[in-house]
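Trainee: next come a sequence and a model predicted from it.
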Protein chains: 2
Amino acid sequence: MSDVAIAVVDAETPGNIGTIARSMKNFGLDDLLLVDPPELPRESEAYGYAGQARDDILPNAREISFDELADEYHTVGCTAITNEDDRKHVRYPFVTPGELADDLGAIDADTAIVFGRERVGLTNEEIARLDQVCSIPASAEYPVLNLGQAATIVLYELRDVTVGETQLPDTIHDRAEQSEIEGLHDQFADLLDAVGHPEEKRAKTRRLFRRVLGRAHPTGRETTTLRGLFRQATQRLADDEQ
Amino acid sequence: MSDVAIAVVDAETPGNIGTIARSMKNFGLDDLLLVDPPELPRESEAYGYAGQARDDILPNAREISFDELADEYHTVGCTAITNEDDRKHVRYPFVTPGELADDLGAIDADTAIVFGRERVGLTNEEIARLDQVCSIPASAEYPVLNLGQAATIVLYELRDVTVGETQLPDTIHDRAEQSEIEGLHDQFADLLDAVGHPEEKRAKTRRLFRRVLGRAHPTGRETTTLRGLFRQATQRLADDEQ
């Protein structure tokens, strides 16, 4: 696993630095490097946009020269690559954010992900000094993302490298035990019986319901609730019968 | 494949709507639905932040009621789920943006991805009326993303469903032909010979260079350049010899 810092070169808008700081905190990073930053007073948009990163990442951001950045880190430049600049493709083989996450997860290096100016990004001279180039796959019609949005996507993709533990449980979908689901299917069959569903159609209808649940992967609560409901209906129908 | 619209409920900040419109254009979407939106005059931040989406997506955005939204679309609510609200987990099994992309790619439905207010997101009452709930995996310490950033990540993950063609070539890395790379290895061996590298170490050094290129997957241009350089060095060394 690599240690990952975020570097922003020559940003114009304090708000974008705040947005990037917030996304860093969302995805478990804390080392923000600034090359030629604008002034970032407490009352600036940088702090307004930083969320909880206003308490640590933003005030602890370090100014650094581009030379130091290039010399001290394994550097990955993020840049918009459009269909038009074919020459760039040839000169700079690039990775997508997903591939970058795989790369950085497999090595151990002090890495800086480098973002450029709002309008023009990183210059060709700057990119030439960086070790890797990363570009985000987007619509061929309009692939140029806003600086803050681009950084957020790269940080999101790096989460497996940078976030120790996410807020989401490992098993995101708390699926019911198969035996509970089978109990629901049995109850469904009893219900078909109780409502007098035509006998020749019952197997087909049960299969249909099995397909629905098969795609839905119901939770324990959902399964219990439906089973209880069907049981109640089945009993009421049986009572009416007598 | 599903048709996907983006709905924003009760946003306070025009700038966020602009950011979302721009990301929609970056990832191939054009149908923006607004429930109780703020005023969006041409001179507002909505247009300032929209990039090229100011020409189409933003002026064509449609106002819609929450009732119409819930009735007319397969709806996916996006909401921050933190460790703390365990009750929400039970009540709403949720998908990650990556899983949502798989889901929507496999079905054919008019779908609306629904985002809520800046500070409080969607209410429990609103979420109860939506068909699926999506949450972004993030740092357990601070998983609450800014509205515009959250929307951008979901749109990025949906790109396989929504973007016909990205700006990046299918084969992102234009790796050299294996025969070219082998030619470079042969030239490297000649160079070792020409510099008088100890004979017993040559095989090991060649293996080392093979490992380096094996990880680097050099392009045709890189391979040709290095091979040319090594050839030149080899020839110069041979000339000196004579």
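Mentor: Yep, that arrived.
Trainee: before we move on, what SS does A:Val4 have?
Mentor: Of the three states, A:Val4 takes strand according to DSSP: H, G, I helix; E, B strand; the rest coil.
Trainee: could you find the closest non-adjacent residue to it?
Mentor: With sequence-adjacent residues excluded and distances taken as Cβ to Cβ, 6 or more residues apart in numbering or on different chains, A:Val4 is closest to A:Thr111, at 5.0 Å. Bear in mind the C-beta positions are built from the backbone N, C-alpha and C, glycine included.
Trainee: bridged to that neighbour, which residues?
Mentor: Assessed by DSSP bridges, A:Thr111 has beta-bridge partners A:Val4, A:His74.
Trainee: so it makes contact with A:Leu29?
Mentor: No: contact criterion Cβ atoms under 8 Å: A:Thr111 and A:Leu29 do not qualify, at 10.8 Å.
Trainee: what sits in contact with each of the two?
Mentor: The overlap between the contact sets of A:Thr111 and A:Leu29 (Cβ atoms under 8 Å, 6 or more residues apart in numbering or on different chains) consists of A:4-5.
Trainee: element containing A:Thr152, please.
Mentor: According to DSSP states H and E, A:Thr152 maps onto helix A:147-157.
Trainee: may I ask which helix or strand of chain A has the lowest mean pLDDT?
Mentor: Least confident helix or strand of chain A, by mean pLDDT, DSSP states H and E, is helix A:86-91 with a mean of 46.
Trainee: stretch A:215-231 and chain B, are they touching?
Mentor: Yes: Stretch A:215-231 is in contact with chain B by Cβ under 8 Å from any Cβ of the partner chain, via A:217, A:219, A:221-222.
Trainee: pull out the buried positions in that stretch.
Mentor: For stretch A:215-231, a neighbour-count test (16 or more other Cβ atoms under 10 Å in any protein chain shown) marks A:218-219, A:222-223, A:226-227, A:230 as buried.
Trainee: can I get these in a markdown table with secondary structure and pLDDT?
Mentor: Below are the buried residues of stretch A:215-231 laid out as a markdown table (DSSP: H, G, I helix; E, B strand; the rest coil; pLDDT from 0 to 100):
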| residue | secondary structure | pLDDT |
| --- | --- | --- |
| A:Pro218 | coil | 82 |
| A:Thr219 | strand | 83 |
| A:Glu222 | helix | 84 |
| A:Thr223 | helix | 90 |
| A:Leu226 | helix | 92 |
| A:Arg227 | helix | 93 |
| A:Phe230 | helix | 91 |
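Trainee: which of those sits closest to B:Gly98?
Mentor: Comparing these against B:Gly98 with Cβ to Cβ places A:Thr219 closest, at 20.2 Å.
Trainee: tally of neighbours for A:Gly196?
Mentor: A:Gly196 has 9 neighbouring residues, counting by other Cβ atoms under 10 Å in any protein chain shown.
Trainee: distance of it relative to A:Ala238?
Mentor: Computed as Cβ to Cβ, to the nearest Å, the A:Gly196 to A:Ala238 distance reads 11 Å.
Trainee: residues contacting the residue sitting nearest the centre point of chain A?
Mentor: Centroid-nearest residue in chain A: A:Tyr156, 4.4 Å away (criterion: Cα atoms, centre = their mean). Shown in contact with A:Tyr156 (Cβ under 8 Å, 6+ apart): A:23, A:27, A:97, B:136, B:138, B:153, B:156.
Trainee: let me know the pLDDT of the last one.
Mentor: Residue-level confidence at B:Tyr156 comes out at 96, pLDDT.
Trainee: likewise for the fifth one?
Mentor: Here, the pLDDT recorded for B:Ala138 equals 93.
Trainee: burial of it, as a residue count?
Mentor: 28.
Trainee: hmm, back to that, show me what the helix or strand just after the helix holding A:Thr152 is packed up against.
Mentor: Going down the chain from helix A:147-157, the next helix or strand is helix A:159-162, by DSSP H and E. Contacts defined by 3 or more Cβ pairs under 8 Å, 6 or more residues apart in numbering or on different chains; DSSP states H and E place helix A:159-162 against helix A:97-106.
Trainee: next, the angle from the helix it packs on to helix A:147-157.
Mentor: Counting by axes from the mean of the first three to the mean of the last three Cα atoms, to 10 degrees, helix A:97-106 lies at 50 degrees to helix A:147-157.
Trainee: run the chain-centre distance for helix A:97-106.
Mentor: Computed by Cα atoms, centre = their mean, to the nearest Å, the chain-centroid distance of helix A:97-106 equals 14 Å.
Trainee: where's A:Val95 relative to A:Thr225, distance?
Mentor: Relative to A:Thr225, and taking Cβ to Cβ, A:Val95 is found at 47 Å.
Trainee: can you map out the helices along chain A?
Mentor: In chain A, the helices defined using DSSP state H lie at A:14-26, A:45-49, A:66-72, A:86-91, A:97-106, A:124-128, A:147-157, A:159-162, A:178-194, A:199-216, A:220-241.
Trainee: pick out the shakiest of these, pLDDT-wise.
Mentor: Taking the mean pLDDT of the helices of chain A, helix A:86-91 comes last: a mean of 46.
Trainee: which one is A:Asp160 nearest to, not counting chain neighbours?
Mentor: Distances taken as Cβ to Cβ, 6+ apart place A:Ala101 nearest to A:Asp160, at 5.9 Å, with adjacent residues excluded.
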